[in-house]
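Undergrad: fold the following, please.
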Amino acid sequence: MSEKDNHKPNGKWEFNESVTSVFPDMLARSIPGYGTMRDSVVRVAKSFFSPQKYNQCLLDLGCSRGDTIYEILDAVEPKSEINCVGVDSSQSMITTAKELFQGWDNVNFVQSDLVDIEIFPGKYNVITCVLTAQFIPLDARQMFYEQIHKGLSTDGVFIVVEKVLGETPSSQALLVDIYHDFKREKGYTDEQIEEKRKSLQGVLVPLRASENELMLKDAGFTNIQRFWQCLNFAGWMAFK
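TA: Residues are numbered from 1 along each chain as shown. So this is what the prediction gives:
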């Protein structure tokens, strides 16, 4: 059960127990079109699993509380035949995810910094990375995408959702204004918006949509399709 988000950051942003307990409410009130994005991620992922396939695998990088894995498995059959791994750097997130999947033999979680993981080559039908890569340092992000490319099966898909910057200073300024209005309408005060903005500085580092697409191309992905965008958030499916 998620609590209402009244989290007050203390210094730099951390995905601690306080954030974990309010995370679903935080996302729903902080991301325009959040419900449509989640549904779109599930629909894309679902199309890459089939009862006729064997050894199907799903990897969720930045799995947080395990909700993406849960929603994908809820949409496919037989869900017990898909081997899932969720990775997150936050121990409190991993603990909550393990509680959600208690008794599931085909779902495992690993607590690890994402820049340190080694992905088994060609193993995964679907790799998801939802609102996660933006937290990886820029000097490690390209290598992170290259690792994902290696880990994807030849007929698989990489699903990535990111916060993005406007392509020009004027469009970025407009997106920020609209986004802050959106958050106010969702009940956040100006003080809360500013506190979170300051705490995320240097922790969440977004890029322009075109820059994200170039990084995916440089990592080896040959077919990159944006499947969702709402204001300053966008989602892509990328193929080998």
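Undergrad: farthest from the middle of this protein: give me that residue.
TA: Ranking residues of the chain by C-alpha distance from their mean position (Cα atoms, centre = their mean) puts Gln52 at the top, at 28.0 Å.
Undergrad: tell me the contacts of it?
TA: Not one residue lies near Gln52 by Cβ atoms under 8 Å, 6 or more residues apart in numbering. For every residue, glycine as well, the C-beta is placed using N, CA and C.
Undergrad: begin at 24 from here
TA: Right, with 24 as the first residue, what we last looked at is Gln75.
Undergrad: how far away is it from Pro101?
TA: Look at Gln75 and Pro101: by Cβ to Cβ, to the nearest Å, they are 11 Å apart.
Undergrad: same question for Val226.
TA: From Val226 to Pro101 the distance is 39 Å (Cβ to Cβ).
Undergrad: the strand of greatest length in the chain: how far from the chain's middle?
TA: Secondary structure of the chain per DSSP state E: the longest strand is strand 175-188. Taking Cα atoms, centre = their mean, to the nearest Å, the mean C-alpha location of strand 175-188 is offset from the chain mean by 10 Å.
Undergrad: and what of stretch 174-189?
TA: Mean-position distance between stretch 174-189 and its chain equals 9 Å (Cα atoms, centre = their mean).
Undergrad: could you give me the buried positions within that stretch?
TA: 174-176, 179-189 (16 or more other Cβ atoms under 10 Å).
Undergrad: phi and psi next, for the residue lying closest to Val99 once chain neighbours are set aside.
TA: Excluding its sequence neighbours, the residue lying closest to Val99 (Cβ to Cβ, 6 or more residues apart in numbering) is Phe72, at 4.8 Å. The phi and psi torsions at Phe72 (degrees, to the nearest 10) take the values phi -120, psi 140.
Undergrad: isn't Phe72 up against Ser176?
TA: No. Phe72 is beyond contact range of Ser176, at 11.7 Å (criterion: Cβ atoms under 8 Å).
Undergrad: what do the two both touch?
TA: Residues touching both Phe72 and Ser176 (Cβ under 8 Å, 6+ apart): Asn148.
Undergrad: quick check: phi and psi at the residue farthest from the centre of the chain.
TA: Gln75 has phi and psi values of phi -80, psi -10 when expressed as degrees, to the nearest 10.
Undergrad: please tell me how far it sits from Glu104.
TA: Taking Cβ to Cβ, one finds Gln75 at 11 Å from Glu104.
Undergrad: same check, this time on Arg164
TA: From Arg164 to Glu104 the distance is 33 Å (Cβ to Cβ).
Undergrad: so for these two, which residue has more residues nearby?
TA: Arg164 (20 against 14; other Cβ atoms under 10 Å).
Undergrad: once you drop chain neighbours, what's closest to the more buried one?
TA: Arg164 sits nearest to Ala156 (Cβ to Cβ, 6+ apart), 6.1 Å away.
Undergrad: check which residues of stretch 65-85 are buried.
TA: Neighbour counts over stretch 65-85 (16+ other Cβ under 10 Å) mark 65, 67-69, 71-72, 79-85 as buried.
Undergrad: alpha carbons of the lengthiest helix in the chain, as CSV, please.
TA: When the chain is scanned for its longest helix (criterion: DSSP state H), the result is helix 192-208. Extracted C-alpha coordinates of helix 192-208, given in CSV (Å, rounded to 0.1, in the frame of the first residue of the first chain):
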residue,chain,number,x,y,z
PRO,A,192,16.4,26.8,-24.4
SER,A,193,13.0,28.3,-25.1
SER,A,194,11.2,25.0,-25.4
GLN,A,195,12.9,23.8,-22.2
ALA,A,196,11.8,26.9,-20.3
LEU,A,197,8.2,26.4,-21.5
LEU,A,198,8.3,22.7,-20.6
VAL,A,199,9.5,23.5,-17.1
ASP,A,200,6.7,26.1,-16.6
ILE,A,201,4.0,23.7,-17.7
TYR,A,202,5.5,20.9,-15.7
HIS,A,203,5.5,22.9,-12.5
ASP,A,204,1.9,23.9,-13.1
PHE,A,205,1.1,20.2,-13.5
LYS,A,206,2.7,19.4,-10.2
ARG,A,207,0.8,22.3,-8.5
GLU,A,208,-2.5,20.9,-9.8
